[in-house]
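Chemist: Compute the structure for the input listed below.
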Amino acid sequence: MKKLILINCLLLVTVIYARAQQGEFPKLTGPYLGQKPPGMTPMIFAPGIISMGYFERSVVFSPNYDELFFELRCLGFTTVLMRMKQHNGKWSDPETAPFSGIPEYSDTYAFFTYDGRILFFNSRRPLSDSEETKKDSDIWMLRKNNDKWGVPIHAGNMLNSAFDDDYPTMSKSNNLYFSSIRDGNYDIYVSHFSEKGFTEPHRLDSVINTKNF
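Modeler: Model prediction:
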């Protein structure tokens, strides 16, 4: 099954690359890939560029709109993160993010910090080379230096639990909000981030969270 998932995902990425090489992707400039800015009416985003009839979701732009990530889902609900970036005002073709590409890791839900220098994402990747792929998803992060992303770093056991911890979103005040099923209910938690690391997460009260799953 793992081999089938890998082949399926590689085929999808190959189709994207092939279309780009054949010149089927237009030359894109400006914010939002040159697409119409979002309004009140839902519309398919960038048809034929990002939305290609497969399973693409969770598009996230950098704060200055010169880079984006999105998910490409393969068989078995596995995913890889894809990236596009502006060079001299023109957007590159979609490519596998340099830190992603292994379907079993199920890399998902990328999110930029307000200054664009840290990227959070979810993954089931092992914590070390000697371990197996995790059964639950954790929050990972990587920093940008000199316009290049570093290696992914596990956000730590203070933040992550033995259960699914998903959808990281950081505010301007460096509060990281995320969902977790650690207490038996899929609730929203918050942790403050600083150079010292993350504070112990706490569950938001009943104004946000309810007894329903």
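Chemist: contacts and neighbour counts: CA atoms only from here.
Modeler: Fine.
Chemist: Is it correct that D136 is in contact with N160?
Modeler: No. Between D136 and N160 there is no contact under Cα atoms under 8 Å: 10.0 Å.
Chemist: Those two: which is more packed in?
Modeler: N160 (21 against 16; other Cα atoms under 10 Å).
Chemist: For this structure, which segments count as helices?
Modeler: Using DSSP state H, the helices of the chain run over residues 2-21.
Chemist: quick one: least confident helix or strand in it?
Modeler: Lowest by mean pLDDT, DSSP states H and E among the helices and strands of the chain is helix 2-21, with a mean of 51.
Chemist: okay, now G184: neighbour count?
Modeler: A count of nearby residues for G184, using other Cα under 10 Å, gives 9.
Chemist: The one 4 residues further on too?
Modeler: Using other Cα under 10 Å, I188 has 21 other residues around it.
Chemist: any idea how far it lies from I181?
Modeler: Distance, I188 to I181, by Cα to Cα, to the nearest Å: 9 Å.
Chemist: Point out where the protein drops to low pLDDT.
Modeler: By pLDDT under 70, the weakly predicted segments of the chain are 1-25, 75-77, 213.
Chemist: which residue packs closest to the residue nearest the centre of it, ignoring adjacent ones?
Modeler: Nearest to the geometric centre of the chain sits A110, at 2.2 Å (Cα atoms, centre = their mean). In space, and not counting its chain neighbours, A110 is closest to F121: 4.2 Å by Cα to Cα, 6 or more residues apart in numbering.
Chemist: Would you agree the one you found is in contact with R143?
Modeler: No. Between F121 and R143 no contact is recorded; they are 11.8 Å apart, counting by Cα under 8 Å.
Chemist: Now do the contacts for M141.
Modeler: Listed by Cα atoms under 8 Å, 6 or more residues apart in numbering, the contact set of M141 reads I118, L119, F120, F121, P152, I153, H154, A155.
Chemist: brain fart, D187
Modeler: D187 is in contact with S179, S180, I181, R203, L204, N209, T210, F213, counting by Cα under 8 Å, 6+ apart.
Chemist: Can you list which of those are found in strands?
Modeler: S179, S180, R203 (DSSP state E).
Chemist: and the gap between the residue nearest to the second one when sequence neighbours are not counted and L119?
Modeler: What that stands for is S180. Spatial nearest neighbour of S180, excluding adjacent residues (Cα to Cα, 6+ apart): D165 at 4.5 Å. In this view, D165 and L119 are 16 Å apart by Cα to Cα.
Chemist: Pick out whichever of those two has more residues nearby.
Modeler: Set D165 next to L119 and count neighbours by other Cα under 10 Å: D165 wins out with 24 against 21.
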